[in-house]
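S.K.: Got a predicted model here, sequence first, then my questions.
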Amino acid sequence: MTEQQTLRVPVAYTGKTLHSGIPVYMRLLPAPADTGIVFRRTDLPGKPEIPATVESIVSTNRNTTLGNGVAQVMTVEHLIAALRGMGVDNVIIELDAGEIPLGDGSAQTFVDMLREAGLCQQAAPRRYFRLRKPIWVSKGDSHMVALPAEQLKITYTFVTDHPVVGIQFGEYVITEPVFAEQLAGARTLIFGRDIELLHRQGLGKGGDLDCVVIVDDDGYRNPLRYRDEIVRHKILDVVGDMGLLGFLQAHIFAVRSGHGLNRGLMQEMLRQSNVTIGVGNR
Ligand SMILES: [Zn+2]
């Protein structure tokens, strides 16, 4: 039986945000069993809390934003990926702004924070989100299929007509060592030709070569950490979005999916109510 886990001690980080471009002070706090992941806006009256659930999603435009009607938190996906990837069930995330700090554009900053804090087991069994039958969603030429499985496995095909990036394929069983060593360091990618559009939408203000990979039609502007860094980051995003379900046990096949379709797949899993939330034996 796997027990639930939380942080041993609080840990803090100050950093800039990708989309709003402002600095934010973030603390991760230990939380009791069955709390789940909860965001708390310390800069707003009453310090409103937002649970990290599928129902809390309010936007999937270039990031996953959660909200509760009075408060929002943008760009939660890399932090949630690190929490689930490293086996955290319960945590309170305090923020004095409406966006998670970007770190270096990957989940590495958050993995480092969790290692600094250390984790401890709690006297309650971990709950897993399991499927009883296949679920699939498509939008245009983006597709996702989830099959019942004993663990979380993600198979991703990144398809683009971009002359430099091309087609990238990746497949990982999401265990803590795999997450920490092969996925956590993969950074956000932005196409150079999309930057103007992002800025027009008021997004990406904090983006620079310290925290995103920028690729133009004639090459990458900064050195890559992995030859296939983009597909690794797309898998990281799937881990983070699926983390809103808790600890998912499924084999997910994704082609060209982004945050919007990730949300669609999770909604379909919940809508078809064919899940069992049980005690795992991993
Ligand atoms: Zn991402």
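M.R.: The structure has been received and is ready for your questions. Numbering: from 1, shown residues only.

S.K.: Go ahead and list the helix or strand containing whichever residue of the stretch 151-282 of the chain sits closest to the ion.
M.R.: Residue of the stretch 151-282 of the chain nearest the ion, by Cβ to the ion: Asp237 (4.2 Å). For every residue, glycine as well, the C-beta is placed using N, CA and C. Using DSSP states H and E, the element containing Asp237 is helix 229-242.

S.K.: any idea of the mean pLDDT in that helix?
M.R.: Averaged over helix 229-242, pLDDT sits at 97.

S.K.: Do you have the helices of the stretch 151-282 of the chain handy? List them.
M.R.: Applying DSSP state H, counting those that start in this stretch to the stretch 151-282 of the chain gives helices spanning 176-178, 195-200, 229-242, 259-271.

S.K.: coming back round to it: list the contacts for the residue of the stretch 151-282 of the chain closest to the ion?
M.R.: Contact analysis of Asp237 by Cβ atoms under 8 Å, 6 or more residues apart in numbering lists Glu77, His78, Ala81, Gly258, His259, Asn262.

S.K.: Try it again at 6 Å.
M.R.: When contacts are counted by Cβ atoms under 6 Å, 6 or more residues apart in numbering, Asp237 touches Glu77.

S.K.: That one and Leu183, how far apart?
M.R.: 10 Å (Cβ to Cβ, to the nearest Å).

S.K.: where in the stretch 101-250 of the chain is pLDDT low?
M.R.: Residue ranges of the stretch 101-250 of the chain with pLDDT under 70: 206-207.

S.K.: If we look just around the ion, which residues of it are in range?
M.R.: Within the stretch 101-250 of the chain, the positions lying close to the ion (Cβ under 5 Å from the ion) are Thr188, Asp237.

S.K.: Please identify the most buried of the helices of the stretch 151-282 of the chain.
M.R.: helix 229-242 (a mean of 26; mean count of other Cβ atoms under 10 Å).

S.K.: Give me the buried positions along stretch 169-184.
M.R.: Gly170, Tyr172, Ile174, Phe179, Ala180, Gln182, Leu183, Ala184 (16 or more other Cβ atoms under 10 Å).

S.K.: Tell me if I'm right that the second one and Val178 touch.
M.R.: Yes: under the criterion of Cβ atoms under 6 Å, Tyr172 lies in contact with Val178, with a separation of 5.5 Å.

S.K.: what about the longest strand in this protein?
M.R.: Of all segments of type strand in the chain, defined using DSSP state E, the longest is strand 247-255.

S.K.: quick one: the strands in the stretch 101-250 of the chain?
M.R.: Here the stretch 101-250 of the chain has its strands, by DSSP state E, counting those that start in this stretch, at 119-125, 127-131, 135-139, 142-148, 153-158, 168-173, 189-191, 213-216, 219-220, 247-255.

S.K.: nearest to Arg227, of those?
M.R.: Evaluated over these, closeness to Arg227 peaks at strand 168-173, with 8.9 Å, by Cβ to Cβ.

S.K.: List the strands paired with the closest one, with their directions.
M.R.: strand 153-158 (antiparallel) (DSSP bridges).

S.K.: and for the strand it pairs with, what are the contacting residues?
M.R.: By Cβ under 6 Å, 6+ apart, strand 153-158 touches 168-173, 230-231, 234-235, 238, 251-255.

S.K.: Stretch 85-100 now?
M.R.: Residues from elsewhere that reach stretch 85-100 (Cβ under 6 Å, 6+ apart): 4-6, 17, 20, 22, 24-29, 31, 35, 37-43, 72-76, 79, 114, 126, 176, 179, 239.

S.K.: Could you work out the end-to-end span of that stretch for me?
M.R.: Start and end residues of stretch 85-100 are separated by 17 Å (Cα to Cα, to the nearest Å).

S.K.: Enumerate every residue touching Tyr13.
M.R.: Per Cβ under 6 Å, 6+ apart, neighbours of Tyr13: Met26, Met113.

S.K.: mean confidence score for the helix or strand containing it?
M.R.: Assigned by DSSP H and E, Tyr13 belongs to strand 11-16. For strand 11-16, mean pLDDT rounds to 95.

S.K.: What of stretch 258-275?
M.R.: Stretch 258-275 comes out at a mean pLDDT of 89.

S.K.: What of stretch 35-45?
M.R.: pLDDT averaged over stretch 35-45 gives 97.
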